[in-house]
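Enquirer: Sequence and predicted structure, then a few things I'm wondering about:
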Amino acid sequence: MLELSQSLSQWLEPIAAWFRSMNIPEPIVHWGHPLMMGIVVFVMGSVVGLTGWRGRQLGGAEAAKSWADHKKIAPLMFLFVALGYTGGVLSLVMQQQPILQSPHFWTGSAAIILLTVNALLAAVRFGKNKAALRTTHAYVGSAALCLLFLHAIFGLKLGLSI
């Protein structure tokens, strides 16, 4: 695993060096990713989860509005999480820290996998609107959000340790 971590860091080093050449203040390099991702996870994630579950619990026009909001925000959240994941890895390389050795990296990777599974379920229209796939989507999404909250705790611990 150490060799893979070092290889990946070496591969990303030219990009990290380019960003380092911009003389970005250290607090932004160190805490920019956690701040931005905290907003995405806690604000957007909470809204996405709430609107998805409200759509399941309510009926009629209220459910339709909740689902419409969910469909607008969830893809943006997925995009921001995927970009944030990339930015977090790059931030570690910029700070010359190992990238595959913390629980923060692994919970982020697992969250990306769960969110991708959820995006695919939605993209295939839940197999022509099958209730079991909609339920799977709800619980996988909830698990992803819970994992992202744990991920934030690991990230805070990591940020304070470097």
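Expert: Perfect, I can see it now.
Enquirer: Going by C-alpha atoms from here, please, whenever you check contacts or count neighbours.
Expert: Noted.
Enquirer: Go through this protein and flag its longest helix.
Expert: helix 60-94 (DSSP state H).
Enquirer: quick one, whichever helix or strand comes after it and helix 60-94 angle?
Expert: Next along the chain after helix 60-94, taking DSSP states H and E as the criterion, comes helix 103-123. Put simply, helix 103-123 runs at 140 degrees to helix 60-94, going by axes from the mean of the first three to the mean of the last three CA atoms, to 10 degrees.
Enquirer: Quick check: phi and psi at Leu58.
Expert: Main-chain dihedrals, Leu58, degrees, to the nearest 10: phi -90, psi 170.
Enquirer: swap that for Ile24, sorry
Expert: Dihedral angles for Ile24 - degrees, to the nearest 10 - are phi -70, psi 130.
Enquirer: same deal with Gln101?
Expert: phi -110, psi 10.
Enquirer: for Met22, same thing?
Expert: According to degrees, to the nearest 10, the main-chain angles of Met22 amount to phi -80, psi 0.
Enquirer: Quick check: the gap between it and Ile15.
Expert: 11 Å (CA to CA, to the nearest Å).
Enquirer: what about the two, which has more around it?
Expert: Set Met22 next to Ile15 and count neighbours by other CA atoms under 10 Å: Ile15 wins out with 14 against 8.
Enquirer: Spell out which helix or strand contains the more buried one, please.
Expert: Assigned by DSSP H and E, Ile15 falls in helix 2-20.
Enquirer: the inter-axis angle of that helix versus helix 60-94?
Expert: 90 degrees.
Enquirer: Which neighbouring elements make contact with helix 2-20?
Expert: Here helix 2-20 touches helix 60-94, going by 3 or more CA pairs under 8 Å, 6 or more residues apart in numbering; DSSP states H and E.
Enquirer: I'm done for today, thanks for sticking with me.
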